[in-house]
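> structure of the sequence below:
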Amino acid sequence: MGNVTHTDISAGFERDHWMVTIQIVLHTNPRRPGFWKLNTSFLSETEYINQIRATIEGVRDEYQNDKSANASLLRKIVKLKVREQTLI
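A predicted model of the protein is given here:
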């Protein structure tokens, strides 16, 4: 919920009333890196599909002669580039 940082009780506008004040910090936890999830509605857009195909082909062409790029690394690079293109 939240953390109470300050409380106070003081006299109110009439003698038999008291004013209570409370300060609460609602967001004390820093955001952690989350995970990215593709909005699948993009997959029905022709322009997006062509853009992603070009991105995959670009990665393939860039790393075609690189002997140190194994399949796992290429999958990660493609995923990174697709995410990058999707967020633009």
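
> drop to CA atoms for contacts and neighbour counts, all remaining ones
Fine.

> isn't there a strand covering Q51?
No - counting by DSSP: H, G, I helix; E, B strand; the rest coil, Q51 is not part of a strand but helix.

> can you count the residues close to it?
By other CA atoms under 10 Å, the residues close to Q51 number 14.

> quick one, helices of this protein?
Listed in chain order, the helices of the chain (DSSP state H) span residues 46-62, 71-87.

> what residues of the last one count as buried?
Spelled out, that is helix 71-87. Using 16 or more other CA atoms under 10 Å as the burial criterion, the residues of helix 71-87 that qualify are 77-78, 81-82.

> poorly predicted segments of this protein, please.
Along the chain, segments meeting pLDDT under 70 span 1-2, 28-29.

> ok, the residue with the largest distance to the centre of it to T21 distance?
Centroid-distance maximum for the chain: R15 at 51.8 Å, with CA atoms, centre = their mean. Per CA to CA, to the nearest Å, R15 is found 17 Å from T21.

> likewise for S41?
The value you get for S41 to T21, if CA to CA is used, is 47 Å.

> who has more neighbours out of the two?
For the pair S41 and T21, the greater number of neighbours falls to T21 (11 against 7), based on other CA under 10 Å.

> so what's the most centrally placed residue in the chain up against?
In the chain, the C-alpha nearest the mean C-alpha coordinate belongs to G34, at 5.5 Å (CA atoms, centre = their mean). G34 makes no contacts at all, as judged by CA atoms under 8 Å, 6 or more residues apart in numbering.

> N70: neighbour count?
Residues near N70, counting by other CA under 10 Å: 10.

> oh sorry, the question was meant for Y63
Neighbours around Y63, by other CA under 10 Å: 14.

> and what of I56?
19.

> please report how far the residue lying closest to it once chain neighbours are set aside lies from N3.
Closest residue in space to I56, ignoring its immediate chain neighbours: V78 at 6.1 Å, by CA to CA, 6 or more residues apart in numbering. Separation of V78 from N3 (CA to CA) stands at 43 Å.
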